[in-house]
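[1] sequence below, structure please.
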Amino acid sequence: MMFDAAHGAVLGVRALAQQAIQEGATKEEIAETIRVAYQLSGVGSVYIASQGLKDLFE
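    Residues are numbered from 1 along each chain as shown. Sure thing, here's the model as predicted:
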(Lines give C-alpha, C1' and ligand atoms only; values in the text may rest on other atoms or scores of the structure.)
Protein backbone atom coordinates (compact mmCIF):
# COMPACT_ATOMS: atom_id res chain seq x y z
CA MET A 1 0.00 0.00 0.00
CA MET A 2 2.84 2.34 0.85
CA PHE A 3 4.50 1.88 -2.54
CA ASP A 4 1.21 2.33 -4.38
CA ALA A 5 0.67 5.60 -2.51
CA ALA A 6 4.19 6.74 -3.35
CA HIS A 7 3.72 5.95 -7.06
CA GLY A 8 0.25 7.47 -7.46
CA ALA A 9 -1.79 4.26 -7.68
CA VAL A 10 -5.05 5.28 -6.01
CA LEU A 11 -6.85 2.05 -6.88
CA GLY A 12 -3.92 0.01 -5.63
CA VAL A 13 -4.08 1.78 -2.27
CA ARG A 14 -7.79 1.09 -2.05
CA ALA A 15 -7.51 -2.59 -2.99
CA LEU A 16 -4.69 -3.26 -0.56
CA ALA A 17 -6.41 -1.36 2.25
CA GLN A 18 -9.57 -3.40 1.71
CA GLN A 19 -7.55 -6.61 1.84
CA ALA A 20 -5.78 -5.46 5.01
CA ILE A 21 -9.10 -4.63 6.69
CA GLN A 22 -10.50 -8.03 5.73
CA GLU A 23 -7.46 -9.62 7.37
CA GLY A 24 -8.03 -7.62 10.56
CA ALA A 25 -5.87 -4.52 10.16
CA THR A 26 -6.96 -1.54 12.24
CA LYS A 27 -7.31 2.09 11.15
CA GLU A 28 -4.22 2.84 13.21
CA GLU A 29 -2.15 0.23 11.37
CA ILE A 30 -3.22 1.61 8.01
CA ALA A 31 -2.47 5.15 9.21
CA GLU A 32 1.01 3.99 10.24
CA THR A 33 1.60 2.70 6.72
CA ILE A 34 0.62 6.10 5.31
CA ARG A 35 2.92 7.84 7.81
CA VAL A 36 5.86 5.74 6.61
CA ALA A 37 4.98 6.49 2.98
CA TYR A 38 4.97 10.21 3.85
CA GLN A 39 8.38 10.01 5.49
CA LEU A 40 9.90 8.07 2.60
CA SER A 41 8.36 9.82 -0.39
CA GLY A 42 6.69 13.03 0.73
CA VAL A 43 3.30 14.63 1.02
CA GLY A 44 2.11 13.49 -2.42
CA SER A 45 1.77 9.96 -1.08
CA VAL A 46 -0.58 11.22 1.64
CA TYR A 47 -2.79 12.85 -0.99
CA ILE A 48 -2.90 9.65 -3.07
CA ALA A 49 -3.60 7.57 0.02
CA SER A 50 -6.42 9.89 1.08
CA GLN A 51 -8.04 9.47 -2.33
CA GLY A 52 -7.71 5.69 -2.12
CA LEU A 53 -9.04 5.50 1.44
CA LYS A 54 -11.91 7.92 0.88
CA ASP A 55 -15.23 6.37 1.98
CA LEU A 56 -13.50 3.23 3.27
CA PHE A 57 -13.90 4.02 6.96
CA GLU A 58 -17.36 5.56 6.99
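
[2] what's near enough to touch the residue nearest the centre of the chain?
    Nearest residue to the geometric centre of the chain (Cα atoms, centre = their mean): A49, 4.3 Å. By Cβ atoms under 8 Å, 6 or more residues apart in numbering, A49 lies in contact with 1, 5, 13, 34, 37. (Each C-beta comes from the backbone N, C-alpha and C, glycine too.)

[3] now swap in I34 and tell me
    Neighbour list for I34: 1-2, 5, 45-46, 49, 53 [criterion: Cβ under 8 Å, 6+ apart].

[4] please redo it, this time with the cut-off set to 10 Å
    Neighbouring residues of I34 by Cβ atoms under 10 Å, 6 or more residues apart in numbering: 1-2, 5, 13, 17, 45-46, 48-50, 52-53.

[5] lowest-confidence helix or strand of this structure?
    Ranked by mean pLDDT, DSSP states H and E, the weakest helix or strand in the chain is helix 2-6, scoring a mean of 93.

[6] all good on my end, thank you.
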